[in-house]
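**Student:** Return a 3D structure for these sequence lines:
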Amino acid sequence: MGAGPAGLCAALRLQQLNYRVALVERSPRWPRPQIGEALTPGVKNIIDFLDANQALEKVPHLARLPTRLRWQSHTPEIVAHSNSAVVNRAAFDAALLQLARERGVQVYQPASLTRVSGQAGAWQLNFATPAGQQQIQACFILDARGRSPQHIACAPRLSASWVELAHTDIPVGLAHLTQVEAVEHGWLWGTHLPDKRYRVMLLCDPATQHQLMPGRPEVWLRANCASSQLFTAIAELPFAGRLQACSATPYLAYDSWQEGRLKLGDAAFALDPISSSGVEKAMRFSLQAVIAIHTVHHTQQASRHELAREFFQRRLIETCARHSLWTQRYYAQVWCSHHAFWRERAVPYPDTLKLTADASTHALFDALQQEFEHLQNYRQPELKRQPFLREHQAIRFSRDVKVIKAPCVMNDQVQLWPALQHPHLESPLAFLENEALLPRLAILSHQPTLAAVLGILSQSMSIHKARRLLEWLWQRGLLEATH
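**Tutor:** Okay, here's the model as predicted:
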């Protein structure tokens, strides 16, 4: 349910895996207007994976726009972006939806869900369409309908308000670039859109705007532009259309996994928009959700079902925790970090939500906190400077290496696979350069020579790749010579 990037990405991937897919979209207006036009480079890899390049070739976009950034100092700097793009999001979503139709996805649009009954593996969905009531049977339900009210806040409240300038009113200095600037009460973002308009957006704490200029959002936006360096010229210009606003508070939905029902996209989580990676992360998470579904569908084993659930929730927690830590550190670098808006966001956020749901909700909250603390405490190891081992030397795993079973994606399903755990690894390591390290390296328990290990690895990969993998482990302290 939901034809945004997250829902469409899941639908297209499921169709690739030969599932019958029905997509229910409630919006009668299509293409529907959207924000989130900035696409990070990783989106291109996902589009390649979905074999969707041809469908998106004609989507209006602007590539390689440089960014004028005023963040760490008072003096702006120009940052080049070689692989990012600004797209017409309405056209982007519409092209993916058309591709889904062409590939056999059954699309109901506009359609309003009226009733869900049944259970996992045998759902019955009733929804209203212009042609009347419709009913379908489904094994799984994927909910990508938008922001979830059942969530854990991952940062202080944040709102976004934005307007556009007509192309005839865009100051010469703003054409064909993106701008980002930190100001006292938040930050301003502006970019040239594919349809030649220029969008300017203010991200701030809604409580501050209510306190200082209640009921005057346009005046508040203009005042922040006037107090800036990069957006001063916009403060007095006419706006093309009305000011729009929405919540931009990062969160994690605590009911994203229910038996046979999964949440995707904004229904599952929202990231701080400062990184512009929301669309990419939503699409990537959809691919991971499909892996969990594919695992459940292909086995009756309760242990494998539980493994799929753990995989799904682990990816959800990691996505939110990693982004929260990144934004916390990025906010701490800002030139005006002494102001309240920035101080609140430069430290771990103690979520004050009173969790009244079941024990699994509390467990998810605890897991999020633990992951955040783990990432916060992790430090990249200093690489060894000593020359790599000689081939006649006997080697073994470091005494700090532990071999554990970790969930890994193999053949589009989640499986437990032996992995290396070590203080210098941010997470357990099962594969390196798409090569399984174990059981190939189990021979290290016998303290063989480097030449012997290279000989075993070279049976399934090039000798150069085998040496490169061993050097990687050696530099990080996972391998050592025996005496």
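
**Student:** going forward, measure contacts between C-alpha atoms and count neighbours the same way
**Tutor:** Noted.

**Student:** Return the distance of H74 relative to E236.
**Tutor:** For H74, the distance to E236 equals 23 Å [C-alpha to C-alpha, to the nearest Å].

**Student:** Looking at those two, which one has more neighbours?
**Tutor:** Using other C-alpha atoms under 10 Å, the more surrounded residue of H74 and E236 is H74, with 14 against 11.

**Student:** How about the secondary structure of the more buried one?
**Tutor:** Secondary structure, DSSP: H, G, I helix; E, B strand; the rest coil: H74 is coil.

**Student:** for R322, same thing?
**Tutor:** helix.

**Student:** just checking, it touches F372?
**Tutor:** Yes. Here R322 reaches F372: they are 7.1 Å apart, a contact under C-alpha atoms under 8 Å.

**Student:** between the two, who's got more neighbours?
**Tutor:** Taking neighbours as other C-alpha under 10 Å, R322 and F372 compare with F372 leading, 20 against 15.

**Student:** which residues touch the nearest residue to that one once chain neighbours are set aside?
**Tutor:** Residue nearest to F372 in three dimensions, not counting chain neighbours: A321, with 5.1 Å by C-alpha to C-alpha, 6 or more residues apart in numbering. Contact analysis of A321 by C-alpha atoms under 8 Å, 6 or more residues apart in numbering lists L368, Q369, E371, F372, L375.

**Student:** roughly how far is stretch 54-72 from the heart of the chain?
**Tutor:** Relative to the centre of its chain, stretch 54-72 is centred 18 Å away, using C-alpha atoms, centre = their mean, to the nearest Å.

**Student:** all helices for the stretch 201-350 of the chain, in order.
**Tutor:** 206-212, 217-226, 278-297, 302-332, 340-345 (DSSP state H, counting those that start in this stretch).

**Student:** In CSV, list those along with mean pLDDT and distance to A442.
**Tutor:** Formatted as CSV, these follow (pLDDT from 0 to 100; distance: least, C-alpha to C-alpha, whole Å):
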stretch, mean pLDDT, distance to A442
helix 206-212, 92, 56
helix 217-226, 95, 61
helix 278-297, 94, 28
helix 302-332, 93, 25
helix 340-345, 93, 46
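
**Student:** Which of those helices has the highest mean neighbour count?
**Tutor:** Of all those, helix 278-297 has the most neighbours on average by mean count of other C-alpha atoms under 10 Å, namely a mean of 23.

**Student:** hey, what's L188 bridged with?
**Tutor:** Beta-bridge partners for L188, by DSSP bridges, are E181, L202.

**Student:** tally of neighbours for it?
**Tutor:** 26.

**Student:** List the residues that contact it.
**Tutor:** Here L188 is in contact with Q179, V180, E181, A182, V200, M201, L202, L203, C225 (C-alpha under 8 Å, 6+ apart).

**Student:** Please identify which of the residues you listed is nearest to C139.
**Tutor:** L203 (40.3 Å; C-alpha to C-alpha).

**Student:** How about the secondary structure of the residue nearest to that closest one when sequence neighbours are not counted?
**Tutor:** Leaving out its chain neighbours, the residue that sits closest to L203 by C-alpha to C-alpha, 6+ apart is A160, at 4.7 Å. Following three-state DSSP, A160 is assigned to strand.

**Student:** now A160: how far from P149?
**Tutor:** In terms of C-alpha to C-alpha, A160 sits 18 Å off from P149.

**Student:** Equivalent analysis for T191, please.
**Tutor:** T191 is 30 Å from P149, by C-alpha to C-alpha.

**Student:** Those two - which one has more neighbours?
**Tutor:** Using other C-alpha under 10 Å as the criterion, T191 and P149 rank with T191 on top: 25 against 10.

**Student:** Output the helix or strand that contains that one in PDB with nothing but the alpha carbons.
**Tutor:** Using DSSP states H and E, T191 maps to strand 186-192. The C-alpha trace of strand 186-192 is given here as PDB (Å, rounded to 0.1, in the frame of the first residue of the first chain):
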ATOM      1  CA  GLY A 186      17.700  26.200  12.300                       C
ATOM      2  CA  TRP A 187      18.900  25.900   8.700                       C
ATOM      3  CA  LEU A 188      18.000  27.000   5.200                       C
ATOM      4  CA  TRP A 189      18.100  24.800   2.100                       C
ATOM      5  CA  GLY A 190      17.500  26.000  -1.400                       C
ATOM      6  CA  THR A 191      17.900  24.500  -4.800                       C
ATOM      7  CA  HIS A 192      17.100  25.000  -8.500                       C
END
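
**Student:** Wasn't A419 part of a strand?
**Tutor:** Yes. Assessed with three-state DSSP, A419 lies in a strand.

**Student:** Quick check: beta-bridge partners of it?
**Tutor:** The partner residues for A419, given DSSP bridges, come to I404.

**Student:** do you know how far it is from R315?
**Tutor:** Counting by C-alpha to C-alpha, the gap from A419 to R315 is 17 Å.

**Student:** Can you name the residues that contact A155?
**Tutor:** T249, P250, Y251, S324, R345, Y349, D351.

**Student:** Select, from those residues, the two members most distant in space.
**Tutor:** Y251 and R345, at 14.0 Å, using C-alpha to C-alpha across these.

**Student:** wait, what's in contact with the residue nearest the centre of the chain?
**Tutor:** The centroid of the chain falls nearest to K281 when counting by C-alpha atoms, centre = their mean (1.8 Å). Applying C-alpha under 8 Å, 6+ apart, we find K281 in contact with T319.
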